[in-house]
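Pasted the sequence and its predicted model underneath.
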Amino acid sequence: MHKSRTSKIITSLTLSLMLGVSLFAGCNIVSRNMDRYYNAVVASYTYENGEKVTINKRELITSFNSFGYQYVQSYGMSEKDAYKETIKRIVDKKLTIREEENACKQENGGQILLAKEKTYLWEQTYDAIKTNIEQYYNDLNHITNPDSEDSSDGAVSQTIFTPNAILVPQTITNPYGDSEVVYTIQVENKIENEVEKYIPWNGSDRDIETENDLNALYNQMTKFVEDNSQYTSALNKYFSDAKKSEEGLKLASDKEAVFKREIKRIYTSIYESFMVTKYSQAHQYSNSSVTLSNLQDLYQSKVVNDYNKYMVEQASGYDDAVLSNVASVNYIKPDSVGTQYFYVSHILAKFSDEDQAKYNEYMKVVNGESKRYTVGQAKQLIEQLYTNLTFPVREKVENEDGTVEWKETGKTKPVSAVMAELKASLETAGDNQYKKAEIFNDFIYKYNQDDGMFNAERNYVIGIDYHTPDEENNLPYTIRSNMVEPFTNAAIKLYDDNKAKIGDIYSDVEDDGLIRTEYGIHIMMYEGRVKNLFEGIGSSFELRGQEIGRLASNEARLKAGESKTIFDSLFDEINKDNSSVFENMNLEFLRSKIKLTFYPDEYKDLYE
């Protein structure tokens, strides 16, 4: 089941605490003054006004265990250089947070956080503590895959695309009196601020920086455990680990004091993540400088590069690339020289593990690998498995934060009934092919059991190569597919030698339109050709200004049943790159305003 971004962060917070404990397990520092050891200054930087900021060893250890180790594992740095690079990233984070804090003060009349934001962070911290307690409970009870319990209700999260910019057409009259359409990019300037969609559940404003609200959170946590006594041992283990992580420090060691420090630690991590996210979001679109020329250049370069690769240079791997990752192929060979590729989507009624085992057993008989039954009996038993298949029924739930989930109702529906429901729904779309695809997309989330269809970038691809006869199977063409044979054969029938239209469903009367494979029963829809958006593409291809509107048209959809287009993909790619450039430039500016000093003698024991 879908988990919030914060709960994912909190899992890493628990791991950081545990890593902090284990890091010193083999080090000869037991007799040291741990308070002084952890608080040793490993680096400092000074602003132009003389203000000094220090980074202590505890921050370095926590950050290295969180991300710094990757400099060694993924980039081949020495541990010495990795620790130094980790310090630089800590500084970057602090500079970014300070920059966002100053921006917030200007916007909020001197306050960094609004009352609603303070309450939001208070509740997120409580949720984090609660998640950690639940994780300790799972560990103590050897529940190795708690997510499976969350997902056992069959809930599926659906990513709903909303454009970050739109192409706006304008009709102008040129000096000769002729009308022409020109386009401009309208940036939506949307900032996905979780707080704007957030509704407090505790009923009053909270601020963890105040003693009263810190106490309130601690009391809420203890009440949660009192009301759910099964978590008592988990809370005690949590306390033990939190206390152990502070060994040698001159701190109060009673449970309330330890947990209040743990609350503040988690709050600080959530606050810092929140501020960095605000900074990034605030600049992502407000500093967007994507132009039509950028879009044209990027699209042209992608198309021409692949044209030259596959048509001029005759590079190998074209067919494999289209089948396995069609999104990476920006030029499609024309029918005159290449395979005719097309998209299909489907919904699957899947065999249970038990029925899958039975199916495999019966197929051994059919294939002559077993004599437990006669072939006729085995085929009858297989047909009975298909007859018993049903679809799980999910219902659409639009959450307050704007996300969409399809939650299982506990009900099931016969395959034939789902097919009848689908046909009736498609009739309401009339001749609107894309509406039919959108309807089918909803059916995927409502019924389907093939995880590969959920939130996929593209649909499945099947191809027919009319230039290469399949002599082995006595066919005038060669089929190209990564799918199982019955699925592929049904797709070829549905394609009907390029006569199919978007929104057509497989409806062979011999099998009632139900495709039987080793996985279960499929209902399939045709979703269009894999083809170039423009004709006559060559090495000198140029996208003219008046043609750019096609990048945002229905025919430019990445999937027929969803609204995201080639334009959206191009804009997001350019904007992301531009945002990264801006953030890097801004960080360079912020770095130029400080003087950073390292004290390697204070942390060299970590890598020597």
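Arrived safely, thanks for sending. Residues are numbered from 1 along each chain as shown.

Going by C-alpha atoms from here, please, whenever you check contacts or count neighbours.
Noted.

which strands and helices sit next to the strand or helix carrying residue 282?
According to DSSP states H and E, residue 282 maps onto helix 255-286. Packing partners of helix 255-286 (3 or more C-alpha pairs under 8 Å, 6 or more residues apart in numbering; DSSP states H and E): helix 5-23, helix 79-107, helix 115-140, helix 211-227, helix 232-244, helix 566-592.

and of those, who's closest to residue 307?
With C-alpha to C-alpha as the measure, helix 566-592 is the member of those nearest residue 307 (17.5 Å).

Give the buried residues for that closest one.
For helix 566-592, a neighbour-count test (16 or more other C-alpha atoms under 10 Å) marks 566-572, 574-576, 578-579, 582-583, 587, 591 as buried.

what's the answer for stretch 473-484, then?
Across stretch 473-484, burial judged by 16+ other C-alpha under 10 Å covers 477-481.

Which member of those is positioned nearest residue 266?
residue 481 (49.4 Å).

Please, which helix or strand holds the nearest residue to that closest one once chain neighbours are set aside?
Closest residue to residue 481 apart from its sequence neighbours, by C-alpha to C-alpha, 6 or more residues apart in numbering: residue 462 at 5.1 Å. Taking DSSP H and E as the criterion, residue 462 maps to strand 460-465.

what sits up against that strand?
322-323, 326, 338-345, 477-482, 488, 491-492 (C-alpha atoms under 8 Å, 6 or more residues apart in numbering).

List the contacts of the helix or strand that that strand is followed by.
Downstream of strand 460-465, the first helix or strand assigned by DSSP H and E is strand 478-481. With contact meaning C-alpha under 8 Å, 6+ apart, strand 478-481 is reached by 319, 323, 461-470, 488.

Stretch 501-518 too?
356, 359, 386, 433-434, 436-437, 484, 486-487, 490-491, 493-494, 521-528, 560.

Sitting in helices, which of those residues do you find?
356, 359, 386, 433-434, 436-437, 486-487, 490-491, 493-494 (DSSP state H).

quick one: terminal-to-terminal distance for stretch 310-324?
End-to-end distance for stretch 310-324, by C-alpha to C-alpha, to the nearest Å: 16 Å.

Name the residues that touch that stretch?
By C-alpha under 8 Å, 6+ apart, stretch 310-324 touches 308-309, 328-329, 333, 339, 460-462, 480-482.

could you check the distance from residue 539 over to residue 530?
Distance from residue 539 to residue 530, by C-alpha to C-alpha: 20 Å.

So for the two, which residue has more residues nearby?
Neighbour comparison, residue 539 and residue 530: the larger count goes to residue 530, with 20 against 15 (by other C-alpha atoms under 10 Å).

Against residue 457, how distant is that one?
14 Å.

host element of residue 596?
Per DSSP H and E: strand 594-598 holds residue 596.

Name the residues of that strand that are buried.
Going by 16+ other C-alpha under 10 Å, strand 594-598 has these buried residues: 594, 596, 598.

And for stretch 68-81?
Buried, per 16+ other C-alpha under 10 Å, within stretch 68-81: 68-69, 71, 79-80.

Check which helices and strands the very next helix or strand once past the helix holding residue 282 sits against.
Of the helices and strands lying after helix 255-286 in sequence (DSSP H and E), the nearest is helix 292-307. Where contact means 3+ C-alpha pairs under 8 Å, 6+ apart, helix 292-307 is packed against strand 179-187, helix 566-592.

Against residue 337, how distant is residue 110?
66 Å.

residues near the residue nearest to residue 347 when sequence neighbours are not counted, how many?
Take residue 347 and drop its neighbours on the chain: the residue closest to it by C-alpha to C-alpha, 6+ apart is residue 448, 4.5 Å away. If you count neighbours by other C-alpha under 10 Å, residue 448 ends up with 25.

Over to residue 535?
9.

what's the answer for residue 436, then?
Counted with other C-alpha under 10 Å, the neighbours of residue 436 add up to 26.

I'd guessed it sits against residue 426; true?
Yes: if you go by C-alpha atoms under 8 Å, residue 436 and residue 426 touch, sitting 5.5 Å apart.

So which residues lie in contact with the host helix or strand of residue 349, not counting its own?
If you go by DSSP H and E, residue 349 is part of strand 340-350. Outside strand 340-350, the residues that touch it by C-alpha under 8 Å, 6+ apart are 334, 389-391, 415, 443-444, 447-450, 453, 459-466, 491, 495, 519-531.

in its sheet, what does it sit against?
strand 460-465 (antiparallel), strand 520-529 (antiparallel) (DSSP bridges).

so how far is it off the chain centroid?
Mean-position distance between strand 340-350 and its chain equals 22 Å (C-alpha atoms, centre = their mean, to the nearest Å).

pLDDT on that strand, on average?
For strand 340-350, the mean per-residue pLDDT is 98.

One more: stretch 457-476?
93.

tell me which residues of that stretch are tucked away?
458-466.

Please report how far residue 140 lies from residue 49.
Look at residue 140 and residue 49: by C-alpha to C-alpha, they are 52 Å apart.
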